[in-house]
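1. next input, structure requested:
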Amino acid sequence: MTVLLVDVGNTRIKWARLEGARLGRGRAAAHSGWRPRDYLRHLFASPRGLARVVVASVAGSAVDEALAAAARRARVPARFIRVTRRAGGVTVGYLEPWRLGVDRFAAMVGAHELLEAVPVCVVGVGTAMTIDLVDGLGRHRGGVIVPAPHLMIGTLLTRTHGIRRRARGGAGGGAGLFGRSTREALQRGSRYAAAALIDRAVEEASALLGREPLVALTGGEAAAVAPLLRSRSLGVPDLVLRGLAVLSRDAPRARRR
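-> Sure, this is the predicted structure:
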């Protein structure tokens with residue numbers, strides 16, 4: 001049985017086919033402005049053999065409806081995963097589970113499945129940066145949400161005229177934290193800020209659990225932050241898709257479109 005797994009973020013969409021227990025090569029694209037025909041062309045170019053499509057989406061109802069319409073045209077049943085208290089070996093720690101982003105939920109499931117009994121700080125570095133602590137038993141202990149580096153920079157460029165003007169161009173140079181142009185100062189400051197928060201999260205988690213968790217990094221800016229970490233980390237670009245592979249076993253309980 002073949003299942004199409006789809007991770008729809010605020011900016012980018014990722015997808016891959018699950019053939020039995022094997023996750024195929026992932027693909028990704030920016031989906032801004034896509035209509036049903038675009039989803040149909042990219043995701044359902046070869047619909048034959050697809051049993052269903054399983055989706056984790058945080059992009060909003062308009063995007064979800066466009067994707068669902070494409071699945072209907074391809075005659076492939078679509079199921080949109082929703083967050084429940086327990087699924088995929090993970091118990092959500094939010095007081096109201098539905099308030100947890102489904103992408104974070106799927107990433108936690110993927111990390112717990114991949115690392116088994118190892119406690120983990122699941123870090124997604126996309127438009128926002130999220131950190132979720134999952135202990136070795138799969139219990140979610142809570143999370144953190146802050147702007148990711150790109151959003152930090154974007155906010156400064158749009159809210160401060162002086163920084164915006166001085167950040168255009170500029171010579172390179174310098175090493176470590178301290179940049180020698182406004183452009184470099186923005187880039188390094190935002191990335192080091194993200195890395196410092198992750199390290200602080202690991203410190204807090206170690207005190208809470210009595211054991212240092214591993215950091216599982218995913219998202220478009222994860223590679224830029226990873227070299228700055230002092231904590232032990234593992235990069236898993238397809239972490240949400242891995243979680244969807246686990247959750248697809250529970251697809252009958254997911255929300256149909």
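2. tell me how far the helix or strand where residue 122 lies lies from the chain's centre.
-> Using DSSP states H and E, residue 122 maps to strand 120-125. Counting by C-alpha atoms, centre = their mean, to the nearest Å, strand 120-125 is centred 8 Å from the centre of its parent chain.
3. direction included, what does the helix or strand just after it pair up with?
-> In the C-terminal direction, the helix or strand that comes right after strand 120-125 (DSSP H and E) is strand 128-134. Take DSSP bridges as the rule and strand 128-134 pairs in its sheet with strand 120-125 (antiparallel), strand 140-147 (antiparallel).
4. just those strands: most buried one?
-> strand 120-125 (a mean of 28; mean count of other C-beta atoms under 10 Å). C-beta here means a position set from N, CA and C on the backbone, and glycine is covered the same way.
5. mean confidence score for that strand?
-> The average pLDDT within strand 120-125 is 98.
6. biggest helix in the chain by residues?
-> The longest helix of the chain (DSSP state H) is helix 182-209.
7. ok, residues contacting the strand holding residue 122?
-> The contact list for strand 120-125 (C-beta atoms under 8 Å, 6 or more residues apart in numbering) reads 103-104, 107-108, 111-112, 129-134, 148-149, 194, 198, 201-202, 205, 213-222, 224-225, 231, 239-240.
8. cutoff 7 Å now
-> Applying C-beta atoms under 7 Å, 6 or more residues apart in numbering, the contact partners of strand 120-125 are 103-104, 107-108, 111, 129-134, 148, 194, 198, 201-202, 205, 213-222, 225.
9. try stretch 101-113
-> In contact with stretch 101-113 (C-beta under 7 Å, 6+ apart) are residues 7, 9, 56-58, 81-83, 88-90, 92, 120, 122, 124, 130, 132, 134, 138, 140, 143, 216, 218, 239-240, 242-244, 246-247.
10. for that stretch, what is the distance to the chain centroid?
-> 8 Å.
11. that older thread, can you tell me the strand partners of the helix or strand that the longest helix of the chain is followed by and which way each runs?
-> Using DSSP H and E, the helix or strand that follows helix 182-209 in sequence is strand 214-218. Strand pairing for strand 214-218, determined by DSSP bridges: strand 120-125 (parallel), strand 233-235 (parallel).
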